[in-house]
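Novice: quick one, what's the 3D model for this:
(one chain, ligands or ions: 1)
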Amino acid sequence: MVMPKEHKGGEETGLPNGFSALALPDPLLRVLSALGYREPTPVQRQAIPPMLAGRDVIARSETGSGKTAAFGIPLLERVDPALSAVQGLVLCPTRDLCNQVITELRSLGRYRPNLRVLGVTGGVPLGPQRQALERGVHIVVATPGRLLDHLARESLRLDALRVLVLDEADRMLDMGFRDAVASVVAATPEQRQTALFSATFDDAVRELSATFQRDPVSVEAAVELHGLRQRVHQVSPARRDDALLAVLAGEQLDPVMVFCNTREETERIAGLLQDHGMAADCLHGGRDQAARDLAVARFRNASTRILVATDVAARGLDIDGIATVINLGLPEQPEFYTHRIGRTGRAGAAGLAISLVGEQDGQALLALERQGVSLPGSVPLPKAAPDVDYGARMQTLLISAGRKDKLRPGDLLGALTGEAGLQADQVGRIEITASRSYVAVNGQVAKRALVRLREGRIKNRRFRVHLV
Ligand code: AMP
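Specialist: This is a model prediction of the structure:
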């Protein structure tokens with residue numbers, strides 16, 4: 001867990017530095033100062049601005065990351081105490097968590113004395129909750145079951161709700177609250193803002209987000225440093241390319257993501273690696289969406305083994321199973337470091353983060369240390385190992401049809417194993433987007449698959465197929 005060890009900046013009596021950059025009103029800044037919050041934590045810095053702007057947010061964050069204030073501050077700001085209606089709702093898996101959230105909301109909310117926050121949890125009588133609701137409440141913090149009780153008894157209405165927060169969404173799902181959450185959401189207006197906070201993102205959490213959120217901004221702040229190996233090589237900028245090649249040659253590290261600080265650098269490095277026979281590609285904001293999607297699809301498909309990216313382009317991308325992250329220099333913003341390295345580690349296995357650091361990274365190193373992240377000392381570059389190979393493992397077929405054409409993975413698998421005569425184990429990952437599909441196929445049979453698919457039909461129709 002990356003938590004600031006201490007919150008520096010801001011004089012003892014002054015306003016907190018970091019928070020004033022988030023465009024918060026002075027009375028709230030004074031409360032934060034009084035609470036001793038001097039700098040926003042990474043999840044706060046990233047989640048507060050989009051939430052204040054009314055955007056949906058999906059955040060990966062754990063207890064201790066400052067997540068409660070990350071949604072609590074915008075929640076308090078977006079509620080109008082003059083309007084007597086429930087405008088904010090936080091759903092939590094347990095009573096304990098509800099109590100923690102209420103405590104934090106009340107302490108942050110003291111700059112708005114007329115704003116009422118109520119806990120609605122099981123295990124206590126309904127009567128007093130009902131009376132409090134009748135007197136008027138602006139924000140409700142609830143467990144799903146008890147909330148449904150009140151909805152059924154009509155002691156609570158959610159038709160004026162503005163902001164819905166699903167806190168610890170993964171735990172709510174684990175505890176079997178999926179349907180209860182859906183019933184609660186059904187009682188809220190379509191035009192609400194929905195924030196989802198979760199320590200983990202699995203398919204069930206993604207499904208929840210896809211069902212109840214609209215174009216959410218994704219925020220990734222909490223990173224477990226334990227179990228993640230970090231390695232540092234001190235190299236001068238002039239020697240960095242050679243050092244990168246040496247690092248890659250020392251050990252089979254793929255799939256690898258290499259991070260650079262500029263677009264030009266990603267292009268140059270991807271070119272360098274390709275020149276050395278490696279299946280590398282780059283990802284940056286200057287490439288159009290189709291090219292970026294393709295780069296990511298090929299990387300997921302093992303057609304590319306090394307993806308060289310900028311922080312901005314990699315943000316929000318969900319790529320699992322990255323074995324190694326290599327930093328060509330440190331990012332200026334410390335939270336980018338934790339985003340980068342948080343991408344490594346396959347199920348169960350520890351990830352590895354290798355940083356090639358030079359004297360120009362001194363400031364970035366200090367900024368990281370202020371965030372409680374310390375890097376290990378520099379070690380010598382490895383010697384080349386035999387049989388290290390970063391060539392493509394699979395090839396990727398691009399089919400110009402997708403969900404809009406009602407195409408499903410089974411259709412493609414069927415066409416490849418039927419029409420094209422491939423064995424099921426020669427077909428890898430199948431990814432279907434709105435209008436395109438990407439299929440990983442074994443390199444030895446890729447040409448055959450291409451020809452057969454072009455000649456044949458998929459779901460009784462002909463689509464364009466390319467090897468990309
Ligand atoms: P949470 O992740 O919401 O459970 O918060 C963890 C703890 O950090 C709580 O006790 C908060 O009061 C505290 N906290 C939250 N944000 C900050 C901040 N920006 N600076 C210092 N402490 C904070």
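Novice: His220: how many residues sit nearby?
Specialist: I think there's a mix-up here, since residue 220 is Glu and not His. As a burial measure, Glu220 scores 21 neighbours (other C-beta atoms under 10 Å). C-beta: built from backbone N, CA, C; applies to glycine.
Novice: now that it has come up, it's in contact with Gly342, right?
Specialist: Yes - the pair Glu220 / Gly342 is scored as a contact, 6.4 Å apart, by C-beta atoms under 8 Å.
Novice: where's Met278, which helix or strand?
Specialist: For Met278, there is no host helix or strand (DSSP states H and E).
Novice: check the one 3 residues further on too.
Specialist: Applying DSSP H and E as the criterion places Asp281 in strand 280-283.
Novice: quick one: contacts of the next helix or strand after that strand?
Specialist: Using DSSP H and E, the next helix or strand after strand 280-283 towards the C-terminus is helix 289-300. With contacts defined as C-beta atoms under 8 Å, 6 or more residues apart in numbering, helix 289-300 is touched by 255, 281-283, 287, 304-305, 307, 313, 317, 319, 396, 398, 429, 431, 433, 436, 438, 468.
Novice: could you redo the last one with a cut-off of 7 Å?
Specialist: With contact meaning C-beta atoms under 7 Å, 6 or more residues apart in numbering, helix 289-300 is reached by 255, 281, 283, 304, 307, 313, 317, 319, 396, 429, 431, 433, 438, 468.
Novice: how does the protein divide into domains?
Specialist: Following automatic domain parsing, one finds the domains of the chain at 9-220, 228-370, 394-467.
Novice: can you pull up the most central residue in this protein?
Specialist: The centre of the chain sits closest to Glu220, judged by C-alpha atoms, centre = their mean, with a distance of 4.4 Å.
Novice: got the contact list for that one?
Specialist: Glu220 makes contacts with 60, 339, 342, as judged by C-beta under 7 Å, 6+ apart.
Novice: go again using 10 Å as the cut-off
Specialist: For Glu220, the contact set (C-beta atoms under 10 Å, 6 or more residues apart in numbering) comprises 42-43, 46, 58-61, 201, 315-316, 318, 335, 338-339, 342-343.
Novice: in ChimeraX, how would I select just the buried ones from those?
Specialist: In ChimeraX, this line selects whichever of the contacts of Glu220 come out buried by 16 or more other C-beta atoms under 10 Å:
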select :42,43,46,58,59,60,61,201,315,335,338,339,342,343
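Novice: of the contacts of Glu220, closest to Arg452?
Specialist: The nearest member of these to Arg452, counting by C-beta to C-beta, is Asp318 at 31.7 Å.
Novice: tell me how many other residues crowd Arg263.
Specialist: Number of residues near Arg263 (other C-beta under 10 Å) recorded here: 18.
Novice: contacts only, for it.
Specialist: Shown in contact with Arg263 (C-beta under 10 Å, 6+ apart): 282-287, 309-310, 312-313.
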